[in-house]
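> model this:
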Amino acid sequence: MADELKHAPLTDAQFAVLKMYCKIDQDFEDGMLDVLVNDAATEIASAVQTGLEPAVLLAQPTLCDRYFSAIMKQVKENYDYRGEGAEIMRYPLLEPVVNTINQLRTEVAADADQ
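Residues are numbered from 1 along each chain as shown. A predicted model of the protein is given here:
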């Protein structure tokens, strides 16, 4: 399954930046990171607008950087706390990610109205 993802929806360069942000130097967890990236990208895009594909947000120059930043923040959170289970109180999405989602919602809705 992870072979099919191959950093989707990110480019190899974006995936390298994400790994640097997460402070990951090795490659043996790339398959797990691919799954976390795909999950976070889909979850955030769906929170912005139901049915919105991650590639749409990544293709828009005015939205791409903030969306990519939200993906990185969420992936780092999920990576750092993987396996912790119910021992830690965590919200499904980080507050900065929720703030970015709200910004993107208004901008995507405004683009749709034009």
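> quick one, phi/psi of Lys50?
Just so we're on the same page, residue 50 is Thr rather than Lys. Torsion angles at Thr50 (phi, psi; degrees, to the nearest 10) stand at phi -60, psi 130.
> count residues in the vicinity of Lys73, would you?
For Lys73, the count of nearby residues is 19 (other C-beta atoms under 10 Å). For glycine as for every other residue, the C-beta is placed from the backbone atoms N, C-alpha and C.
> with Glu95 instead?
A total of 9 residues lie near Glu95 under the criterion other C-beta under 10 Å.
> repeat that for the one 10 residues further on.
Applying other C-beta under 10 Å, we find 14 residues neighbouring Arg105.
> give the contact list for it.
Going by C-beta atoms under 8 Å, 6 or more residues apart in numbering, Arg105 touches 48-49.
> contact partners for the most centrally placed residue in the chain?
Among the residues of the chain, Ile71 comes closest to the average C-alpha position under C-alpha atoms, centre = their mean, at 2.3 Å. Remark: with contacts taken as C-beta under 8 Å, 6+ apart, Ile71 is in contact with 10, 18, 37, 40-41, 44.
> and these as a markdown table, adding neighbour count?
Shown next, in a markdown table, are the contacts of Ile71 (neighbours: other C-beta atoms under 10 Å):
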| residue | neighbour count |
| --- | --- |
| Leu10 | 24 |
| Leu18 | 22 |
| Val37 | 26 |
| Ala40 | 24 |
| Ala41 | 24 |
| Ile44 | 23 |
